[in-house]
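J.: Okay, sequence plus prediction incoming.
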Amino acid sequence: MTQTRAATLLTVLTALLAVLLTPSPASAASLQEVTGFGTNPGALRMFRYVPDGLPAGRPVVVALHGCTQNASGYGTGSGWTQLADRWGFSVVLPQQQSGNNLSSCFNWFQNGDIQRGQGEAASIAQMVDRQVADAGGSRVYVTGLSAGGGMTAVMMATYPEKFKAGGIVAGLPYGCAQAAGSPYVCMYVGATQTPDQWGDRVRAARPGYGGPWPTLTVLQGTADYTVKPVNMTDLVEQWTDVHGADQSADVSDTVAGYPHQVFRDPAGNGVVETYSLTGMGHGQPVDPGTGSTQCGTAGAYSLDVDLCAAYRLGLAWGLSAG
């Protein structure tokens with residue numbers, strides 16, 4: 001073997017060895033159903049998305065679909081599974097069953113499903129416990145669209161110790177149906193409550209809890225006629241009160257051309273954040289594409305408005321550092 005050929009072979013072998021020894025990033029996996037995750041009093045189904053090669057101890061995002069949707073479609077359409085591959089975290093995707101609700105809505109308005117230790121809220125909490133036990137996740141976040149957004153508020157109120165933050169997309173404040181006397185009045189008109197009354201509803205859901213409470217980000221379309229924008233105002237009043245903050249925004253600017261606000265607690269921590277999606281109807285904001293800020297797929301209730309809600313939430317929660 002000539003010296004030149006030997007040198008070439010050595011270079012090839014060195015490059016091959018470098019490839020073999022370089023850890024592979026988390027990559028695309030498939031959605032898996034998990035059974036036996038607890039007593040499941042709410043009779044929900046549990047699905048999860050775990051990127052291949054995901055290390056133990058990575059964050060967990062619970063993503064709750066809207067009415068007429070399912071776990072798989074919402075996970076893909078919203079962009080959460082795409083971001084899980086990109087940033088390295090797992091996604092728990094609860095799924096409603098038609099036997100519980102004919103429109104596959106989570107029952108954010110039913111007394112038996114919105115209290116700690118009962119119904120659908122307890123089932124979702126059991127899913128969280130199972131995923132944390134299996135994957136060793138130390139940080140858990142919860143988000144959802146519409147009815148899934150209403151159930152996100154339920155989980156933040158009834159199991160605050162399990163979640164660092166929540167993201168509500170076109171959703172409702174905790175206890176809104178009870179305050180308004182009807183889920184439809186809540187959705188279309190809103191409920192007449194003071195900030196303190198809104199906050200009391202959350203505090204009553206977890207008596208004696210001393211905190212910390214999850215922080216909240218809300219995204220709402222200004223042309224949403226299914227869940228009226230007043231519900232974002234009520235969410236701000238509810239969760240600023242829970243955090244001991246006032247209802248005056250400390251930051252008012254624009255993000256991707258949309259009005260954006262941040263409300264800080266007395267210690268200066270951002271505890272509530274809002275995005276008002278000008279002209280957007282009822283759905284999940286997405287921004288399809290392969291750019292660093294893009295995610296999601298346009299479709300029914302998945303609206304291309306050049307801003308991906310999942311990306312904005314993940315960025316606020318520090319998931320991009322993965």
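T.: Structure received. Numbering: from 1, shown residues only.
J.: The helix or strand bottoming out on mean pLDDT in the chain: what's the following helix or strand?
T.: When the helices and strands of the chain are scored by mean pLDDT, DSSP states H and E, helix 3-21 comes last with a mean of 36. Sequence order places strand 32-34 as the next helix or strand after helix 3-21, per DSSP states H and E.
J.: which SSE is the residue nearest the centre of the chain in?
T.: Nearest to the mean C-alpha position of the chain, by CA atoms, centre = their mean, lies Thr143 at 2.0 Å. Element membership of Thr143 [criterion: DSSP H and E] is strand 140-145.
J.: and that strand, which strands flank it?
T.: Strand 140-145 has its sheet partners listed here by DSSP bridges as strand 60-64 (parallel), strand 165-169 (parallel).
J.: residue contacts, the residue nearest to the centre of the chain?
T.: 61-64, 80, 149, 152, 166-169, 310, 313 (CB atoms under 8 Å, 6 or more residues apart in numbering). (Each C-beta comes from the backbone N, C-alpha and C, glycine too.)
J.: out of these, who's nearest Gly283?
T.: Nearest to Gly283, judged by CB to CB, of the contacts of Thr143 is Val169 at 8.2 Å.
J.: the helices in the chain, which residues?
T.: Here the chain has its helices, by DSSP state H, at 3-21, 71-78, 80-83, 119-135, 147-158, 176-180, 183-188, 195-205, 230-242, 309-316.
J.: Go through the ones you listed and pick out the most buried.
T.: Ranked by mean neighbour count, these are led by helix 147-158 with a mean of 29 (mean count of other CB atoms under 10 Å).
J.: looking only at pLDDT, what's the mean for it?
T.: For helix 147-158, mean pLDDT rounds to 98.
J.: what's the angle from that helix to helix 230-242?
T.: Interaxial angle, helix 147-158 versus helix 230-242 (axes from the mean of the first three to the mean of the last three CA atoms, to 10 degrees): 10 degrees.
J.: Run through the stretch 101-250 of the chain and note the low-pLDDT ranges.
T.: By pLDDT under 70, the stretch 101-250 of the chain has no low-scoring segment.
J.: switch to 90 and redo it
T.: Residue ranges of the stretch 101-250 of the chain with pLDDT under 90: 136-138, 210-211.
J.: which other residues reach stretch 194-206?
T.: By CB under 8 Å, 6+ apart, the residues outside stretch 194-206 that reach it are 114-116, 156-160, 173-175, 178-179, 193, 209, 213, 234, 237-242, 247.
J.: Measure how far it is from the centre of its chain, please.
T.: Offset of stretch 194-206 from its chain centre (CA atoms, centre = their mean, to the nearest Å): 22 Å.
J.: Can you add distance to His282 and give the strands paired with strand 140-145 back as TSV?
T.: Listed next are the strands paired with strand 140-145 as TSV, based on distance: least, CB to CB, whole Å:
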stretch	distance to His282
strand 60-64	16
strand 165-169	10
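J.: what angle separates the strand holding Thr143 from helix 309-316?
T.: 150 degrees.
J.: could you check the angle helix 71-78 makes with strand 140-145?
T.: 90 degrees.
J.: Break down the stretch 201-322 of the chain into its strands, ranges please.
T.: 215-221, 251-255, 258-264, 270-277, 284-286, 302-304 (DSSP state E, counting those that start in this stretch).
J.: Most tightly packed of those strands?
T.: It is strand 284-286: most buried of those by mean count of other CB under 10 Å, with a mean of 29.
J.: who's in contact with it?
T.: 66, 74, 77-79, 145, 169-170, 219, 221, 275, 277, 295-298, 301-305, 307-310.
J.: now swap in stretch 92-106 and tell me
T.: With CB under 8 Å, 6+ apart as the criterion, stretch 92-106 contacts 31, 42-49, 60-72, 74-75, 107, 113, 120, 123-124, 127-128, 131, 144, 146-148, 150-151.
J.: What residues of it count as buried?
T.: By neighbour count with 16 or more other CB atoms under 10 Å, stretch 92-106 contains the buried residues Val92, Leu93, Pro94, Gln95, Gln96, Asn100, Asn101, Ser104, Cys105, Phe106.
J.: For Leu307, which non-adjacent residue is spatially closest?
T.: Ala256 (4.3 Å; CB to CB, 6 or more residues apart in numbering).
J.: On the pLDDT front, check Ala26 for me.
T.: At Ala26, pLDDT is 45.
J.: how close does the nearest residue to Tyr301 once chain neighbours are set aside get to Leu277?
T.: In space, and not counting its chain neighbours, Tyr301 is closest to Gly283: 4.1 Å by CB to CB, 6+ apart. Gly283 sits 9 Å away from Leu277, going by CB to CB, to the nearest Å.
J.: any common contacting residues for those two?
T.: Common neighbours of Gly283 and Leu277 (CB under 8 Å, 6+ apart) are Gly221.
J.: OK, contacts around the residue lying closest to Gly299 once chain neighbours are set aside?
T.: Spatial nearest neighbour of Gly299, excluding adjacent residues (CB to CB, 6+ apart): Gly77 at 5.4 Å. Applying CB under 8 Å, 6+ apart, we find Gly77 in contact with Gln69, Gln284, Val286, Gly296, Thr297, Gly299, Tyr301, Ser302.
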